[in-house]
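> have a look at this fold, sequence not included:
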Ligand SMILES: [Zn+2]
């Protein structure tokens, strides 16, 4: 019997939580069979950073690579879900106990994942990575960092750019907007595939986990 995959991507739908000022996800029905059209056809209006998505280095580094250059090895393979449930921000102190190794893929499960967040209004006070946490992840040399809300950096947080820049400059890739409600801490196999949008600073992604 095969072990079930857990979908850790949020459903993309009109009215979902959106970063303030960003383009909301909107699926517009252009044609419908019910009204006599030959097929059902939708048009998407969206930010490249809607729902579960990846940030390319270019998002915060002027000459950084686009999402289409993401090496597939980064987003397919073993990953560890780390529970940092009671912290207001994920700093060095929260991360040190996990003994993170070079090249690891780490997904941070915080209290953002107490309930599904994508159907609600944007939460200003979500748990984000603090600058010293970002520096710690960069020092450890992780390959991938995933978070369970729309940004690795906080909302209106002065260190938001530093958090992004530090992680991206280290060579790590970022997944944002995961839902880890149904995921226990531990070792998994990860597959996360963002859309191959040429030169883009990010791209919506489907991410799944399977227990190892
Ligand atoms: Zn992003």
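Thanks, I have it. Being a predicted model, the structure only gives us computed values, none of them experimental.
> quick one, what contacts the most centrally placed residue in the chain?
Nearest to the geometric centre of the chain sits residue 176, at 1.6 Å (C-alpha atoms, centre = their mean). Shown in contact with residue 176 (C-beta atoms under 8 Å, 6 or more residues apart in numbering): 49, 52, 53, 54, 55, 146, 147, 149, 150, 151, 152. In this view, the C-beta of every residue, glycine as well, is placed from N, C-alpha and C.
> tell me the spacing between the closest residue to the last one other than its chain neighbours and residue 26.
If I follow you right, that is residue 152. Distance criterion C-beta to C-beta, 6 or more residues apart in numbering; nearest residue to residue 152, sequence neighbours excluded, is residue 129 at 4.9 Å. Using C-beta to C-beta, to the nearest Å, we find residue 129 at a distance of 29 Å from residue 26.
> ok, the two, which is more surrounded?
Taking neighbours as other C-beta atoms under 10 Å, residue 129 and residue 26 compare with residue 129 leading, 32 against 17.
> before we move on, back to that, any idea what the residue nearest to residue 152 is bridged to?
residue 90 (DSSP bridges).
> surely it meets residue 89?
Yes: Residue 129 lies in contact with residue 89 (C-beta atoms under 8 Å); the separation is 7.0 Å.
> and the pLDDT at residue 2?
Note on residue 2: pLDDT of 65.
> scratch that, residue 79 is what I was asking about
98.
> where's it, which helix or strand?
strand 76-83 (DSSP states H and E).
> that strand pairs with which strands, parallel or anti?
strand 105-109 (parallel), strand 186-194 (antiparallel).
> pull out the buried positions in the longest one.
Burial within strand 186-194, assessed by neighbour count using 16 or more other C-beta atoms under 10 Å, is assigned to 188, 189, 190, 191, 192, 194.
> does residue 102 sit in a helix, a strand or a coil?
coil (DSSP: H, G, I helix; E, B strand; the rest coil).
> residues near it, how many?
Other residues close to residue 102 by other C-beta under 10 Å number 9.
> is it true that it touches residue 141?
Yes: counting by C-beta under 8 Å, residue 102 touches residue 141, with 4.0 Å between them.
> would you map the strands across this structure?
6-7, 26-31, 41-45, 53-55, 76-83, 89-90, 105-109, 128-129, 144-147, 173-176, 186-194, 202-211 (DSSP state E).
> could you dump those strands into JSON lines and include distance to residue 165?
As requested, the strands of the chain are arranged in JSON lines below (distance: least, C-beta to C-beta, whole Å):
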{"stretch": "strand 6-7", "distance to residue 165": "30"}
{"stretch": "strand 26-31", "distance to residue 165": "30"}
{"stretch": "strand 41-45", "distance to residue 165": "29"}
{"stretch": "strand 53-55", "distance to residue 165": "11"}
{"stretch": "strand 76-83", "distance to residue 165": "22"}
{"stretch": "strand 89-90", "distance to residue 165": "17"}
{"stretch": "strand 105-109", "distance to residue 165": "18"}
{"stretch": "strand 128-129", "distance to residue 165": "12"}
{"stretch": "strand 144-147", "distance to residue 165": "13"}
{"stretch": "strand 173-176", "distance to residue 165": "11"}
{"stretch": "strand 186-194", "distance to residue 165": "20"}
{"stretch": "strand 202-211", "distance to residue 165": "15"}
